[in-house]
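Asker: Fold the following.
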Amino acid sequence: MNLKEKEEKLKEIRDQLLNLSHSPLFIYRKENGYFPVAGQGSHNAKIMFIGEAPGKNEAQTGRPFCGAAGKLLDQLLESAKIKREDVYITNIVKDRPPENRDPFPEEIEIYAPFLDKQIEIINPKVIATLGRFSMDYIMREFGLSEDLKPISQIHGHVFQSNFNSKTKIIIPLYHPAAAIYNQELKKTLFEDFKILEQYK
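Answerer: Next up, the predicted model:
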């Protein structure tokens, strides 16, 4: 798939998300003047980051990871000598849940097909999950259910999936938001991000 085709297909996803009126988060989005957050970055990215759901800053701008967690993500990328514009960043759930609560299973179910399409279109070599919700979904989706353990046990580990005859590297990472006020977790994230340097 060439770049132009990728752009067109990703634009289709953005348009579909704008009109996703059957989502339980659609009315909340409309009431608050929020935007869906499809994703941002290189359409030929080798590394794709997948978080959980947009926060307030993200929903107000339509851009992923643009608040405090985004600033930390920028620092983490820089530490691994990776340019933000060279990666693709998105979430499983594309609309903000009220009060930044965890996404519900039915919300993940509604938005996951859009994520699946994004992965198919961009076709990254590496999928780095940020937080336990994206870790759980991606590991199961790529046939790694047997390797699934709590994030505290498998963060920073490298898993290889040959799902549907496509080789993917899956690396679970803590969500930057969890590390903002936790210095130990922040240190761990910086250590884990070093692993990504070899895949850029």
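Asker: where's K117, which helix or strand?
Answerer: Using DSSP states H and E, the element containing K117 is helix 105-122.
Asker: chain center to that helix: distance?
Answerer: 10 Å (CA atoms, centre = their mean, to the nearest Å).
Asker: same question, stretch 7-19
Answerer: From the chain centre to the centre of stretch 7-19 is a distance of 17 Å (CA atoms, centre = their mean).
Asker: Start at 23, not 1
Answerer: Got it, the first residue is 23 from now on, which makes the last one we talked about stretch 29-41.
Asker: Please enumerate the helices of the chain.
Answerer: 25-40, 48-54, 78-83, 90-101, 127-144, 154-163, 173-176, 198-201, 205-215 (DSSP state H).
Asker: Please identify the buried residues of the fourth one?
Answerer: This points to helix 90-101. A91, G92, L94, L95, L98, L99 (16 or more other CB atoms under 10 Å). For every residue, glycine as well, the C-beta is placed using N, CA and C.
Asker: Flag the shaky bits of the protein, pLDDT-wise.
Answerer: Scanning the chain for pLDDT under 70 picks out 186-187.
Asker: tell me, what residue is most central in it?
Answerer: Nearest to the geometric centre of the chain sits I72, at 1.3 Å (CA atoms, centre = their mean).
Asker: Quick check: that residue touching A150?
Answerer: Yes - using CB atoms under 8 Å, I72 is in contact with A150, at 7.4 Å.
Asker: quick one, what contacts Y133?
Answerer: S45, I114, V115, K116, D117 (CB atoms under 8 Å, 6 or more residues apart in numbering).
Asker: go with 7 Å
Answerer: I114, V115, K116 (CB atoms under 7 Å, 6 or more residues apart in numbering).
Asker: Of those residues - the most surrounded one?
Answerer: K116 (32 neighbours; other CB atoms under 10 Å).
Asker: Excluding residues flanking it in the chain, which one is nearest it?
Answerer: With CB to CB, 6 or more residues apart in numbering as the criterion, K116 has its nearest non-adjacent residue at 4.7 Å, and that residue is P58.
Asker: I'd guessed the one you found sits against D117; true?
Answerer: Yes - using CB atoms under 7 Å, P58 makes contact with D117 at a distance of 5.3 Å.
Asker: overlap in contacts of the two?
Answerer: By CB under 7 Å, 6+ apart, P58 and D117 have these common neighbours: R51.
Asker: Output stretch 32-49 in CSV with nothing but the alpha carbons.
Answerer: Presented in CSV, the C-alpha positions along stretch 32-49 are these (Å, rounded to 0.1, in the frame of the first residue of the first chain):
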residue,chain,number,x,y,z
LEU,A,32,-6.8,6.6,7.6
LYS,A,33,-8.9,9.6,6.7
GLU,A,34,-11.8,7.3,6.2
ILE,A,35,-11.3,6.0,9.8
ARG,A,36,-11.3,9.6,11.1
ASP,A,37,-14.5,10.3,9.3
GLN,A,38,-16.2,7.2,10.6
LEU,A,39,-15.1,8.1,14.2
LEU,A,40,-16.6,11.6,13.8
ASN,A,41,-20.0,10.0,13.1
LEU,A,42,-19.8,7.1,15.5
SER,A,43,-23.2,7.9,17.1
HIS,A,44,-23.8,4.4,18.4
SER,A,45,-20.8,4.8,20.8
PRO,A,46,-21.8,5.3,24.4
LEU,A,47,-19.2,8.1,24.5
PHE,A,48,-20.6,10.0,21.5
ILE,A,49,-23.2,12.1,23.5
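Asker: Kind regards, and thank you for your time.
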